[in-house]
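Student: model this:
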Amino acid sequence: MAIKVNVSDKDGKTYKIEVESTVLEEKELFDVINGEVISKDLEGYELLITAASDKSGFVSRKEVEGVGVKRLLLKYGMGMHKKPKGDKKSGTKPNGLRLRKTVRGKVISKDTRQVNVKVNKVGVKKLADIFAKPVEGEEAPKAE
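Tutor: As a prediction, this is how the structure comes out:
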């Protein structure tokens, strides 16, 4: 199964590419990888894995070891943005509100469907040139 990789540039642009799932398997969140692992066109790029989600939509968390699914008790903030019933004030942080949510471990596995990476070090070609829409008769860049 293919993994969708979102490559985020420092300019705020995001480029999408699909790669084989075995390419990124056993990597962890916040690992630095070479761009050549994803595609030969990304030669010289250094990419940081920032986030991932699995086939059910559960996000990966850096606090959870391994590849399994766990239920964490989360307070307001990263991963939980629910407001208590009847709270009409906007922009206030609720006191004491916690929810148990399902999350996945930080290791990328065969169940992972999407990985977000950001550019740490720029390579030879510009990302805009690599991911430009193909002209008729040419093929789009493919991951190897």
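Student: local confidence estimate at residue 54?
Tutor: pLDDT recorded at residue 54 is 94.
Student: can you tell me how far the residue nearest to it when sequence neighbours are not counted is from residue 15?
Tutor: Take residue 54 and drop its neighbours on the chain: the residue closest to it by Cβ to Cβ, 6 or more residues apart in numbering is residue 111, 4.6 Å away. Any C-beta I mention is one placed from the backbone N, CA and C, and that applies to glycine too. Here the criterion is Cβ to Cβ, to the nearest Å. By it, residue 111 lies 24 Å from residue 15.
Student: got it, and residue 124?
Tutor: 16 Å.
Student: which one's more surrounded, those two?
Tutor: residue 15 (17 against 11; other Cβ atoms under 10 Å).
Student: quickly list what the nearest residue to residue 31 once chain neighbours are set aside is bridged to.
Tutor: Counting by Cβ to Cβ, 6+ apart, residue 31 lies nearest to residue 49, which is 5.3 Å off, once chain neighbours are set aside. Assessed by DSSP bridges, residue 49 has beta-bridge partners residue 117.
Student: got a pLDDT number for residue 49?
Tutor: As predicted, residue 49 sits at a pLDDT of 97.
Student: you'd agree it is up against residue 30?
Tutor: Yes. Assessed by Cβ atoms under 8 Å, residue 49 is found in contact with residue 30 at 6.3 Å.
Student: please tell me how far the residue located most distally from the centre of the chain sits from residue 67.
Tutor: For the chain, the residue at maximal distance from the C-alpha centroid (Cα atoms, centre = their mean) is residue 86, at 34.1 Å. Distance of residue 86 to residue 67, given as Cβ to Cβ: 39 Å.
Student: now do residue 61
Tutor: For residue 61, the distance to residue 67 - Cβ to Cβ - is 12 Å.
Student: for the spatially most central residue of the chain, which non-adjacent residue is closest in space?
Tutor: For the chain, the residue sitting closest to the mean C-alpha position, by Cα atoms, centre = their mean, is residue 116 at 2.3 Å. Closest residue to residue 116 apart from its sequence neighbours, by Cβ to Cβ, 6+ apart: residue 51 at 4.2 Å.
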